[in-house]
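Student: dropping a prediction and its sequence here:
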Amino acid sequence: MTTVDPIRTARAAISVDDVDWQLVAQLRSRASNQLSEAVSEHGTLTKGDQEELGRTIILDLVEAALADRIDAGLPVWTLPQQQALARATFDALFRLGRLQPLVDDDRVENIMITGHDNVLLELADGTVLTAPPVADSDEDLIEFLVFLASRSEVNAREFSEAHPTLHLRLDGGARLAANAWVCPRPQINIRRHRLVEVTLDDLVKLGMLTPVAASFLVAAVRARKSIVVSGAQGAGKTTLVRALCAQIDPWEPIGTFETEYELHLHELTDRHRIVRAWEARPGTGEIGPDGRRPGEFTLDEALVDSFRFNLSRQIVGEVRGKEIWAMIKAMESGTGSLSTTHASGAVAAIRKLVTCAMEAGRHVTQELATSKLAATVDLVVHLDLSATSSPGGDLERTRRIAEIVAVAPGERETGYATTHIFTSRAGGDAVPGVLPDDYRVLADVGFDLPGYLAAQHRAEHGEAR
């Protein structure tokens, strides 16, 4: 006989507007205390065991709360109401509380929150919708974020007035960024990664790039060119890096280095059989005499550690600041590294990376930073994100590869030289520009050189594709 789990089946049973969220907060607190006591008695429990025990505790608490209502002469909850209350309490204890239904919605790409009652959902097609409040007050929202940050046993994060920023990876691959105390109201952005198992062919079908550009990138990965993917927030940088990684041989040992796991190559075991994944840890508590927090683990330390793991490629995730030196070391130590950064264009990305490198200290001059980047970065692939309004008022977003630029050491004045192999065409795909002679050999590993030259001819003569 199959047993029905009332918590698992309650997701869509009742509107969230009908849940007593103050009671949920009380039940979550009681369940958390009982669970902590049980773990202390039984010793270490796996996450799955804790969740199963938590379900039992929560159902008992809901039954007790129902008995209290009966004793008080209050209306009895219906079965769907009991299930919804249990589900909401479970989500508050183990998941994302009132945010969980939003994260579970496959249509949603971005969740943008400014205060507990100002919630916007950006869908994959660009439509923006309003959503119900995610807490009863800003104070309750901050309290839940503090609980969420401290809950992880593996990589707990501090979120307090002394440390007012929070970056978390969530179950399912989503990424949460939050601020409080340094802004008028707490603000949160949750980015859902919808395309995890993705290839360049998939992106061609979505209109992000042409088959010729895809063949060039396939060949560049096979030829072990080091590539930086740039673009605005939400342009699809991480998705493109996943697609580029899909061209790596399944048995090639890969190392990934990220502030928060986003690539998730280590979870794609059919596609990548040997992946060593490192995640930085900010540490907690006061900064010590050495300038570090207890438990801090940096990407530089991860990279040094990785040299004992016999890796073929080292992939640094997003570069926002000093991570640039981990990226440079990865590109110097191996071949075929990949990374991402925010920038408005391919050349602007190089300038930004130079600035990031100089943030490491006064000993890093502009000349040193520029020469290092020019010697290690082979290609910059820039993604363009555009949004247009439809007659109905909805936003339609388009993501395209706008530029593929080759980087090489240059004159002392600039330190690097750039060549636009693919260049931006207004309102359309990137078109062939100038192909350096040393890139013609990519035809031996999959580059459609005849197709490139034909498209180049059409672009020069203004012919349609």
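Tutor: Thanks, I have it. Numbers count the residues shown, from 1 in each chain.
Student: using the centroid of the chain, identify the residue furthest from it.
Tutor: Distance from the C-alpha centroid of the chain peaks at Gly73, with 49.4 Å (CA atoms, centre = their mean).
Student: so where's the stretch 251-400 of the chain shaky on pLDDT?
Tutor: 285, 333-334, 387-396 (pLDDT under 70).
Student: not counting its neighbours along the chain, what's nearest Ala360?
Tutor: Lys322 (5.3 Å; CB to CB, 6 or more residues apart in numbering). In this view, the C-beta of every residue, glycine as well, is placed from N, C-alpha and C.
Student: and the one you found, what does it touch?
Tutor: By CB atoms under 8 Å, 6 or more residues apart in numbering, the contact set of Lys322 is 356, 359-360.
Student: do you know how far it is from Gly283?
Tutor: 15 Å (CB to CB, to the nearest Å).
Student: ok, back up a step: buried ones among the contacts of Lys322?
Tutor: Buried members of those, scored by 16 or more other CB atoms under 10 Å, are Cys356.
Student: got the contacts of Lys322 as TSV, with distance to Ala246 and secondary structure columns?
Tutor: Formatted as TSV, the contacts of Lys322 follow (distance: CB to CB, whole Å; DSSP: H, G, I helix; E, B strand; the rest coil):
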residue	distance to Ala246	secondary structure
Cys356	27	helix
Glu359	32	coil
Ala360	32	coil
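Student: ok, back up a step: could you pull up phi and psi at the residue nearest to Ala360?
Tutor: For Lys322, the backbone dihedrals (degrees, to the nearest 10) come out as phi -70, psi -10.
Student: surely Val228 meets Leu353?
Tutor: Yes - with contacts counted by CB atoms under 8 Å, Val228 reaches Leu353, the gap being 7.2 Å.
Student: quick check: Ala18 touching Gln82?
Tutor: If you look again at residue 18, you'll see it is Asp, not Ala. No - using CB under 8 Å, Asp18 is not in contact with Gln82, being 11.7 Å away.
Student: looking at these two, which is more packed in?
Tutor: Gln82 (20 against 12; other CB atoms under 10 Å).
Student: so which strand or helix has that one?
Tutor: Per DSSP states H and E: Gln82 is located in helix 79-94.
Student: just the buried residues of that helix, please?
Tutor: 81-94.
Student: what's the spacing between the longest helix anywhere in the chain and its chain's center?
Tutor: Criterion DSSP state H: the longest helix present in the chain is helix 47-72. Relative to the centre of its chain, helix 47-72 is centred 34 Å away, using CA atoms, centre = their mean, to the nearest Å.
Student: next one: stretch 439-447
Tutor: 32 Å.
Student: which of the residues in that stretch are classified as buried?
Tutor: So, applying 16+ other CB under 10 Å, buried residues of stretch 439-447: 439, 442, 446-447.
Student: tell me the average confidence for it?
Tutor: For stretch 439-447, mean pLDDT rounds to 95.
Student: return the alpha-carbon coordinates of it using CSV.
Tutor: Output in CSV follows, covering the C-alpha atoms of stretch 439-447 (Å, rounded to 0.1, in the frame of the first residue of the first chain):
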residue,chain,number,x,y,z
TYR,A,439,43.1,31.0,-36.5
ARG,A,440,42.7,29.4,-39.9
VAL,A,441,44.1,26.2,-38.5
LEU,A,442,40.9,25.8,-36.5
ALA,A,443,39.4,24.4,-39.7
ASP,A,444,41.3,21.2,-38.7
VAL,A,445,39.2,20.8,-35.6
GLY,A,446,35.7,21.7,-36.8
PHE,A,447,35.7,25.4,-37.8
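Student: which other residues reach it?
Tutor: Under CB under 8 Å, 6+ apart, the answer for stretch 439-447 is 215-216, 218-220, 222-223, 406, 421, 449.
Student: alright, that wraps it up for me.
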